[in-house]
Structure formats: structure tokens, C-alpha cells
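K.L.:
Have a look; sequence and predicted model below, questions after that.
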Amino acid sequence: MSDSEPLATDDAASADVATRSDSAPEPVSSNGRLLSWVSTVDHKKIGILYICTAVFFLAIGGLEALLIRVQLLFPNNTFLSPDLFNQMFTMHGTTMVFLVGMPVLVGFQNYFVPLMIGARDVAFPRLNAMSYWLLPFGGILLYFSFMTGQAPDAGWFSYAPLSTKPYNLMPAQDYWIIGLICLGVGSVAASINIFVTVLQCRAPGMSLQRVPLFVWMSLMTAILTILALPALNSALAMLLIDRLLGAAFFEPARGGSAVLWQHYFWVFGHPEVYILILPAFGMISEVIPVFSRKPIYGYAFVAGSSAVIVLLSYGVWAHHMFAVGLGMGADMFFAVGTLLIALPTGLKVFNWTATMWGGSIRLTTAMMFAVAFLLEFVIGGLTGVMFAAVPIDWQLTDTYFVVGHFHYVLIGGTVFGLFSATYYWFPKMTGRMLSERLGKWQLWLWVFGLNATFLSQHVLGVMGMPRRVYTYADNPGWMALNAFAGAGAVAMAAGTLVMLLNIWVSLRRGEKAGDNPWEGFTLEWATSSPPPPENFAVIPEVSSRRPVWDLDHPDAADGQREQTPADSGWRPDKSITSIWAFVASEAVFFLLLLVAYVVFNTDLVGEITSASVLDVPRTALFSVALLGSSFTLWRAEALLKVGKLSEFRLWLALTIVLGAIFIGGQAIEYYGLISSEVTISDNLFTATFFTVTGFHGLHVIVGLIALGVVFVLAAKQDRHVLHGTTLKAIGIYWHFVDVVWIFVFCIIYLGFMQ
Amino acid sequence: MIELISDRALWNWWSPAWFVAAVVAVLYGRYPGWTSLSKSLWLIAGLSVLVFAFVSPLGVLADGFLFSAHMIQHLLLLLVVPLCLVLSLPPSSAEPAFSGTVDEGSLRKMMRRVMKNPIAGWSVGLGAMWFWHVPAFCNAATENYMISVVRTVTFLAAGLLFWWPIYSPRKQARLPASHAVVYLFSACLGCTLLGIYITFTTITVCPAFASPEERLAVMIALHDAGMTSSVDQQLGGLLMWVPPCSLYVAAIVSVLCRWYAVGEPGEAGLAVTRTAEVR
Ligand code: HEM
Ligand SMILES: [Cu+2]
């Protein structure tokens, strides 16, 4: 499976070349073609790279799943050792979430968001390329762990203390952490890009209330990612510090808290499940209206309720932790929150159904996958709601019932949404149609496979079969159900092969698609298939939610039927918006580090505490320098605005000096502490202290470098720096770093909140 | 439950809240531009909640007995009452504060500035929430009547300022939708943090509640039912966290409805001028 991938990529490229220079295809050396892919900054090519990489890892993750199924085929099977079994389910989960699910969705967003909003490219094409390349990099790091003799084996959520050094001596866990940090950074960068693209690059006339729902969902997903990934990153950073530097954040034996890891992981983890499902909601919100030949029913509800999901999803993480004993009150509140979030999720099913109601439905493969999505997702949603009742969760948690639940939503939801989108958009991406006949094969194989595998697992879960145990005793019915589940897995693998075959055949001799084979409504159908590098020759006028429909049916245009809020024409500045998004993300990161500080230092007793080792007046002095630098930078900005260049340079230099003084002060402080043998591994105070101030110092240094670059460029009279918003953007970052320090100083040095 | 309602000691019929409510009602009644029924319903709702917060057993228990009752009272005063009052203002009522020429009094000018600036409303709203839960201040307000009056006044005033940028009767004074969502969402984050802290910390946030000096009969009953002071604080923290956030999310929904509605005059144009102001 894996080696058919590069071929498919190449074929997409050749199809690309063939359609554009139809008459006389210029011979392109394969070397040059490879280079054109590796060095591309075109959002469409990057989108395809994301998707192909995801398919490659899908093959690997799928293989791991099949090995798990083989092991569980018989009771007391010894096909996989217990150790290997642990590695398989860990790598399967990690791969599917971080290397398949997120990348493939980001890939589709990359390809289609700019097209659907009538843009030439994403807001930051180079950043886009960097985000992509972090994906193979992180993936290779993760899989490199196999070379060390053992893959990570603590589960996809790596619960502490199992993931800490005393229980996990092998370096595999470190690879897991570092790989995930890479992937996390890449995801945040990609999301900032999508976020700014949607806000900034929309075609004239497309108000935010008119964007296609896939674009809206991408925006929501981007916000979720920007604010949720840093929670994981902070937890990963602390775990890595535990493992490599000997701290004990998550080691209960040394005073740490394993439950804190669970909190941090799920503060990320629950939004993560919505990161995986919202784009799929967007996909079927495009497919169902087009194949029902009706506008979506209740656009505002579908869009608005997703915004509510984004907000609520940060408040329900503890429903993954009902079994740890948070206390009755907390359990109750989180149960209610979970029920609440099921409302905006579930009610949308009615919107999609109502869209089909009375429409002239075309049951293409894309549409059938969308309908299958509705049916299967409802099952998964219902089992989710069951868990919201705490006693039921106590009974079912850590059984195969949970595995059944999330596979119904992830496969029935995310994967079916993706398949639907694949059949819908493949003609646009390649200029060729996929075979409907093979598509139906794929559909039925997957529908059978999904239900066979995961319905059996629901039953097994109710019977008490625990997840993540490498084998089971010969209980009545268990073997039959597991064998059935195995058959389902084989069917899904076969379905995937059918899809790859379909793609392969279509790329060679698929029917030519034309610009708009499905009579779609949105802007991507207004350009050629595949689109030229610059996307559009002319962008049609946008005055409703379905610009291409309006174009094709001027007498029945949407604008005559229903008014939508007009576009004010205003677009935010790119750099400023991206910096604000970045700052929001970093704020979450620091917030969680500070929360850890408060958690571990309230009532901390011992020789080394903030009161006993920190020199508060000295640090206060250095803090004044840092805060002063915010003032000087503000002055510098004002002077630049009125064009007083030499004074501007002076104040900028002063800013850099003040920042450097602060860093110097921190160096003195660290030197003093370390030379009196106060190090990060001493106790929880030193661990949290060095982590928080260390990361803050790092941010100051990054800011200093950026200011230094600005200083040099300004000296060279660089136009961008002197007239653009660069300085203002860096200023926002710099002020943010200072604000963080105010909190750090109050909490760590002055002992607030302890 | 019955005990809770029938126990005479649990009702504070002579609370000055009646007086305040009456004064506000009279002031409203005298205002000329004062007509619509729905507006007066909001007013009645707001004043009833205000009276309820002090006269009912909630008010009595909040006065040094139950931390969680205090928390409910606090939320009613900071969030619900001001929200109702802001919603009850007729559109014309905000004019005097905003029209007027350059030579107006400086106090009024300052007021205008403050009410126009969302950061002020946000910080005051959140600030009041955090400030009165610093153990020393929380204690002082529980033990000293005058300070508790100050606290009530700051709650009400901060609440009015907080809701102003979202529901100001003058449409032009409202935040554009995107800013309003950020405003409300970050406020939710603010009370989430405080709520989490109160729920999970080992510190007693308001020691006055941990050892109420004179015990009411209900208190003993409640204690026997498992309402120890640590459970009380945990419940208080959760109340600080979930209900306000739910209210903010509801407000966000209403903002989104406004945003999707067509023909909202000036909304789009406002967004432009506002951001022009910001930069
Ligand atoms: C309809 C609303 C939903 C509700 C009420 C819900 C509720 C829950 C609950 C309470 C759990 C914890 C079960 C336990 O471990 O004891 C859970 C697990 C899970 N849910 Fe959902 N869920 C919903 C939708 C979704 C969606 C849409 C997705 C992803 C697309 C999803 C993915 C997951 C995953 C991956 C897990 C398991 C994590 C693990 O333990 O490895 N859920 N869900
Ligand atoms: Cu969840």
C-alpha cells in the first residue's frame, strides 16, 4: 500500500501538467518534478502532500490495527507478546490521531479553503510549507523509536506514571514526546495560517456570514487547534523535563501528580475530538446541499452551533476522568456540561436531514457516504451521551464499549466525511472522475466493516472485556464476537484498497471532469479542474452563500430569495492577526505552566521554596527593566509612525538593552541557584520554577532576536520594516511576554495564590 | 426543603434591598421615554432577583453561613441583576450620556470614555469577581456590614459596566460581533480559572464561612447531610465556574443571532470604524 503512494502523487502531478498544457506537454524531468513538489509553496500542492502523507501513515496505522485484531482472534492467543501488543495499540492510536486524522483534514483545508473563498493562496505560503514538513519530520521521529528496539507503549494518552521514567526506561517514550511536540507546533502554525486566510483573504462580497460551511468549520477548527494544542505541548514539555532532567511533575512517588497529567491531556484531548469532527461536519455540509439541489437548511444554526461547540468543548474534559474520583460535585457538573455539548452536536443532524427533505437527491457515492455519516454518527453520539451518565461510565469505562464509541464517531463521522469529500472533490483536484461503481464497493465494505467491528466491540464492552489487555479468557461468546470484529477490520482494509485502486485507475484513464461536474454552488467550481497555480482567472461576484449557483441561475439567484449580511469590505491586517493568534496560543501554554506552579507550591513544605531561595528585590529590579522595555518599544513605535527615524532607532536600541539586562539578571539568578546546588530535579518548587521562568526567558530571547533583526533592517532602510506592520506585530508579542512576566512575578516571587 | 422555607430565622423581611428596588423603580417610572412592556418586564425581573438575593433564605445563608449560598448571591448581583437592568433600558435612555458637546463636565466625559472602552468593562467585571475572593477581602466583607454594602455596590456597578458593551441600548455603543465573542469567551475563561482554583485548592478561600459563629438549625441539618465546609467550598467553586460560563455562552449565542440577522443597521460599518479606532 505504502509504495503506491509516491506513484499516485506523481500521477496527480502529471495529470496536472497534462491538462494545463493540453496541446504539447513539455517533457519534465522527473528530477525537476520531484523538486517542484519538495520546494512547493502552492497551497494546492501542499494540500496534496498532506493528504498523501496521511494516506501513507494510514497504511501503517491500519496494519497495526490488523495485527491487534489477529492477536485478539482467539482467546489466549500468543501471536503478539504483551509488550508488542501495548506498542501496537499505542502506535495505532497515536498514528491515527496525529499522523492521519489531523493531517488529512488540514490537507483538505489547505487545498479548498483558499479556493472556496476566492483567494490566490493561503495567507502565509512559506509558513504553510514549514507546517507541512514538520509532519513527516514528527512522523519519522515517532517511528524512529522502533529502531531503538521498542516503540512507545503507554497508550495514545500516555497516562502518568506509566509514561514516567521509573516505569518506562526505554527512549521510545522520549521519541513519542518529541515527535508530538513537532506535530503540535506544525498543527498550530497550520491553523494560524488557515485562521488568517479565512479572515483576510476572502473575495470581495464574501462576508463571514456568507462563507461556505466547510470554510466556517475550518475557521472553528483552527481556533480550537490554536487554543487546545498548547495544553498538550505544556504537558509534553513537563513530561520531557521529568524524563530527561529528573523533575517529578507526574511522579506521585516524589510528590508529583499523575492526575494532573490526565487533566492536561484531556484539556487538549476533548477539543481534539472536535478538531477531528468539525471539518467533517463542514464536508457533509457541502455535499448534502449540492446533491439535494437545495441550500443548506438553517445555515446560521449549523454555523453558530459550531461556534458554541468550540466554546463548550473546553469545559467538558473531565468526562474522560469520571473514574479517578474527582468528587461528586465535579462529576455532576461535568456530566451536565457533556449533555449540553451533545445538543449543538446532535441537533445539526436534523439540519442535514431537513436539507435532504424535499430535495431532488442524487445518490452518488459522495452523497451516500454523507448519508452513512448521518446514520453512523448518530449511533456514536448516542453511546457518547450514555457515558455522560456517571454511573454508566463507571461501569463501561476502559472496556471495549469506549473503543466502540469513539470508532463510530471517528470512522462513521470523520472518515466517512472524508470519503464523501474525496468523491466530491477528487474531480476538482485532478480533473478526473472517480468510478462510482468502485465507490459503491468501497462504501458497502466500509459500512459492513465499521458495524461488524465496532458493534461487536460495544457488546464485548458491555460483557466486560477490558480494552488494552493483550488477550482474554475463553468466555462464552467472546471469541465469536472478536472474530466478527476481525472480519470487519478486513473489510475496511479491503475498502481502502478499493479506494486506492479507484484513484489509481482514475488518474490514468478516468473520465474527464470539467469545471463543475456536480453543479456545485461554491467558488472552487468556478475555476478549471485542476485549478491553475493562480487559482482563478476572474473571481465571480459574490453576493450570496452560493455564488456559482447564482452565476448559473441568474433568474433564481439566492439574493432574490434570501438576504444575507453584506460584506463591509474590511479585512484585518495579516501580520497583526497572526501575532494575536500566536499570542493567544502561547498564553494558554503559560497559563497551564503557571497552574502547575500553583498546584505544586500551595502548602509546599521543605527546605527549598520560593520564600527561602529567591532574591525578590533583585529580581524586582530586573523586572523593572523588562517592563520599562515595553514602554520604550511603545515610544519607538510612535516615533516610527511620525517618521522620526533616528529617534526611533535610539528607543529601539534602548528596548533591546533593557531586554538584555533582564536576561542578564535571569542568568545571574540561575547561576546563583545552580552554584548553590538548587537544580530543577530537587523538588517540585525548583521544577516548576525553572520550567516557568526558563520558558519565559526563552520567549524573551526570541523577542530580542526579532527586535535585533528589525534594528538591523531599519538601519538598512528596509521598506517593509519602516512602513509595514512588522514592528507593530513584534511589539504585540513583546508586550505579551512582559504581561506574562507580571503574572510570573506575582505568583512565583510574591507568592500570590498560594 | 420545607424547613428551609418555613424557618422564620431564614427570611430577612426587613432587608434594605426593598428600599433600593423601590427607588430604582420610581426613577424608572419618572423617565419619559419609558414605554415598552418587554422592557418593564426586564426591570421587574431584575428587581425581583435583587430582592430575592437578600430577603430569601439565600440572602441569610450567604451572610456568613454557606459559601455556596454566598456564591449564588454573588452571581445574581454581578451577572443577573445588572443584565436585566441593562436590558430594561429604553434605547433613548443612553442618549444623555453620549450626546452633548465638548464643554460638558469632565466627569461625564470620563464616564463616556469608560463605557465606550470594552477593556474597562471586562476588567471591572472580572476584577470584582477575583478581588472579592481574595481571602482577606472575602472575610472582611462577610464579617463587616459596611464592607459588605460596598461589595454589593461594586458588584452591581461592575456588572452594569460589564454588560454595557454587549447589550447597551444604544446600538452604536455595542461591540462588533467578533469582538463581543472574544470579550465573553475570555470572561468565561476568567471565571473558569477562578472556579477551578476555588474548587480544587486546599486553601480555605473564605475562612469566615468555615467556622460560622452562630449556627442556624439548618446548618446542623445540612452538615449532617454531608455539607462540610470543604464540600461547601467545592460547590462554591463549581458555581463560580459553570453557571457564569453558561450565561456567557448564552450571550454569545444571542450575539451570533444578531450577527446573522440581516439589516442590522450600522453593524458592518461599525466594525470598520471601531477597528480603525483600535489601530
Ligand atoms: C455526541 C457527543 C459525544 C459525547 C457526549 C461523548 C462522550 C464521551 C465520553 C464521556 C467519553 C469517555 C468515556 C470513557 O473513557 O469512559 C468519550 C470518549 C471518547 N470520545 Fe466521545 N463523545 C461524543 C462525541 C465524540 C466525537 C464527535 C468524537 C470524535 C470525533 C469522540 C471521540 C472520543 C474518543 C476518541 C474517546 C476516547 C478516548 C480514549 O479513552 O482513548 N467523541 N466520549
Ligand atoms: Cu471527550
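P.N.:
Thanks, I have it. Ligands and ions are numbered 1, 2, ... in the order given.
K.L.:
all helices of the stretch 101-250 of chain A, in order?
P.N.:
Per DSSP state H, counting those that start in this stretch, the stretch 101-250 of chain A carries helices over the ranges A:102-116, A:125-144, A:172-200, A:213-245.
K.L.:
Up against chain B, what does chain A have?
P.N.:
A:207-209, A:300, A:303-304, A:307-308, A:311-312, A:314-315, A:327, A:329-330, A:333, A:336-337, A:340, A:563-570, A:572-573, A:591, A:595, A:598-599, A:602-603, A:753-754 (CB under 8 Å from any CB of the partner chain). C-beta: built from backbone N, CA, C; applies to glycine.
K.L.:
Which residue ranges make up the domains of chain A?
P.N.:
Under the assignment automatic domain parsing, the domains of chain A span A:41-561, A:575-749.
K.L.:
Compare the helices of the stretch 101-250 of chain A and give me the one nearest A:Ser529.
P.N.:
helix A:102-116 (10.7 Å; CB to CB).
K.L.:
quick one, the closest one and helix A:213-245 angle?
P.N.:
Comparing the axes of helix A:102-116 and helix A:213-245 via axes from the mean of the first three to the mean of the last three CA atoms, to 10 degrees yields an angle of 140 degrees.
K.L.:
what about helix A:102-116 and ligand 1, any contact?
P.N.:
No: judged by CB under 6 Å from any ligand atom, helix A:102-116 makes no contact with ligand 1; its nearest approach is 11.0 Å.
K.L.:
Averaged pLDDT, that helix. What do you get?
P.N.:
The pLDDT scores in helix A:102-116 average 97.
K.L.:
Report the angle between that helix and helix A:172-200.
P.N.:
10 degrees.
K.L.:
thinking again about what came up before, which ChimeraX command selects the buried ones in the residues of chain A next to chain B?
P.N.:
Listed next is the ChimeraX selection for buried residues among those, using 16 or more other CB atoms under 10 Å in any protein chain shown:
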select /A:207,208,209,303,304,307,308,311,312,314,315,329,330,333,337,340,564,565,567,573,591,595,598,599,753,754
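K.L.:
Just give me the neighbour total for B:Pro82.
P.N.:
Neighbourhood size, B:Pro82 [other CB atoms under 10 Å in any protein chain shown]: 25.
K.L.:
Over to the one 4 residues further on?
P.N.:
Using other CB under 10 Å, B:Val86 has 21 other residues around it.
K.L.:
do you know how far B:Gly159 is from A:Ile701?
P.N.:
42 Å (CB to CB, to the nearest Å).
K.L.:
more crowded one of the two?
P.N.:
B:Gly159 (27 against 15).
K.L.:
Check the gap between that one and B:Tyr167 for me.
P.N.:
Distance from B:Gly159 to B:Tyr167, counting by CB to CB: 11 Å.
K.L.:
between the two, what contacts are shared?
P.N.:
B:Leu83 (CB atoms under 8 Å, 6 or more residues apart in numbering or on different chains).
K.L.:
so A:Trp446 makes contact with A:Ala493?
P.N.:
No: judged on CB atoms under 8 Å, A:Trp446 makes no contact with A:Ala493 at a distance of 10.1 Å.
K.L.:
Poorly predicted segments of the stretch 151-300 of chain A, please.
P.N.:
For the stretch 151-300 of chain A, no stretch has pLDDT under 70.
K.L.:
How about the residues of it by ligand 1?
P.N.:
Near ligand 1, when you scan the stretch 151-300 of chain A using CB under 6 Å from any ligand atom, you find A:Phe157, A:Val273, A:Leu276, A:Ile277.
K.L.:
Next, the angle helix A:172-200 makes with the strand or helix carrying the second one.
P.N.:
Translated: A:Val273. For A:Val273, the enclosing helix or strand under DSSP states H and E is helix A:258-292. Angle, helix A:258-292 to helix A:172-200, by the same axes, to 10 degrees: 40 degrees.
K.L.:
chain center to helix A:258-292, what's the gap?
P.N.:
How far helix A:258-292 lies from its chain's middle: 9 Å, per CA atoms, centre = their mean, to the nearest Å.
K.L.:
Quick check: which helices or strands does it pack against?
P.N.:
Applying 3 or more CB pairs under 8 Å, 6 or more residues apart in numbering or on different chains; DSSP states H and E, one finds that helix A:258-292 contacts helix A:102-116, helix A:213-245, helix A:299-312, helix A:328-356, helix A:365-388, helix A:416-430, helix A:574-601.
K.L.:
want to try JSON lines for the ones you listed, with distance to A:Gly149 as columns?
P.N.:
Compiled in JSON lines, the helices and strands packed on helix A:258-292 are given as follows (distance: least, CB to CB, whole Å):
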{"stretch": "helix A:102-116", "distance to A:Gly149": "27"}
{"stretch": "helix A:213-245", "distance to A:Gly149": "17"}
{"stretch": "helix A:299-312", "distance to A:Gly149": "42"}
{"stretch": "helix A:328-356", "distance to A:Gly149": "40"}
{"stretch": "helix A:365-388", "distance to A:Gly149": "37"}
{"stretch": "helix A:416-430", "distance to A:Gly149": "35"}
{"stretch": "helix A:574-601", "distance to A:Gly149": "32"}
